[in-house]
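Trainee: Generate a structure from the sequence data that follows.
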Amino acid sequence: MNCPICNNTINENETFCRKCAWSILRADNEPEQDYEERFKIAKKNWERLIACECEARYRHLHKEHKILFCTDLYASSDYAFKAAVDLARECDAELIIYHVLESRHRYSGQIITADGETWASKEVFDKLRTSLQKYYSAKLENQPAPKMRVEARSGIPWIEIVRMARKEKVDMIVMGPYSIRDPKNGFDLEKPRLGETAKQVSLRAPCPVAIVTSPDQRLSLEQQTSAGEEK
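Mentor: Residues are numbered from 1 along each chain as shown. Below is the predicted model:
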């Protein structure tokens, strides 16, 4: 027989439906009116459950996936960018290229650039976004490009990255483990460590974080260090 609520097949020796939990047996002293009301409630609840499951499945299948790639403007991010591109292609996701111009205090209005501290302005961010677009478009090397968007903000990097991930509801953050240059402590190849930004993001992000490195990255760092010592 089939369950009158969910149409699931029920064996002869079973007393309830194992799919919707409808009780097949009706008590002898249960009034007809109570039974009919119980049946209507169970049927309505089952239909609501199916509708919710269909809606959740629809949202999952039609969700616009997003990958947030965080760049520090150094070559150490290139390996993470390749991984982010591969992920975006595989998942048919939008790739958001994101850089935070560091500020000593997020409300100060001043940002730190290669030329020193300056006031944040629309021109600075427009120039930065254009540079990022050109740089990473060239890295694709004529390969099929995923849907890409470039964003830039100012502030404390890890705070702004986490904020951006929450705002955009990204599926994953992809970033490098550290910057090649650390103006405070320098970079010691003999004592590799996770950068402060990567550490804080991995601890506080609202989504999975992929911290990407490669043997080629260490080789690149060693070559740059040797070149710097020769100079």
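Trainee: Please state the offset of stretch 78-85 from the chain centre?
Mentor: Chain-centre distance of stretch 78-85: 14 Å, with CA atoms, centre = their mean, to the nearest Å.
Trainee: Just the C-alphas of it, formatted as PDB.
Mentor: Provided in PDB are the C-alpha atoms of stretch 78-85 (Å, rounded to 0.1, in the frame of the first residue of the first chain):
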ATOM      1  CA  ASP A  78      50.900  35.200  -8.300                       C
ATOM      2  CA  TYR A  79      50.800  31.600  -7.200                       C
ATOM      3  CA  ALA A  80      47.600  32.200  -5.300                       C
ATOM      4  CA  PHE A  81      46.100  34.000  -8.300                       C
ATOM      5  CA  LYS A  82      46.600  30.900 -10.500                       C
ATOM      6  CA  ALA A  83      44.900  28.800  -7.900                       C
ATOM      7  CA  ALA A  84      42.000  31.300  -7.600                       C
ATOM      8  CA  VAL A  85      41.500  31.300 -11.400                       C
END
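Trainee: quick one: buried residues of it?
Mentor: Residues of stretch 78-85 classed as buried: 78-81, 83-85 (neighbour count, 16 or more other CB atoms under 10 Å). All C-beta atoms are positioned from the backbone trio N, CA, C, and that covers glycine.
Trainee: show me where this structure has strands.
Mentor: With DSSP state E as the criterion, the chain has strands at 66-70, 94-102, 110-113, 116-119, 148-155, 172-175, 209-211.
Trainee: Just grab the bridge partners of the residue most central in space within the chain for me.
Mentor: In the chain, the C-alpha nearest the mean C-alpha coordinate belongs to residue 172, at 2.2 Å (CA atoms, centre = their mean). Judged by DSSP bridges, the bridge partners of residue 172 are residue 67.
Trainee: Tell me which residues touch it, please.
Mentor: 67-68, 87, 207-210 (CB atoms under 8 Å, 6 or more residues apart in numbering).
Trainee: filter those residues to the buried ones?
Mentor: For these, a neighbour count by 16+ other CB under 10 Å gives the buried set as 67-68, 87, 207, 209.
Trainee: Just give me the least confident of those residues.
Mentor: The member of those with the lowest pLDDT is residue 87, at 88.
Trainee: And the buried ones among the contacts of residue 172, which is closest to residue 1?
Mentor: Nearest to residue 1 among the buried ones among the contacts of residue 172 is residue 207, at 47.1 Å by CB to CB.
Trainee: Right, I'll call it a day here.
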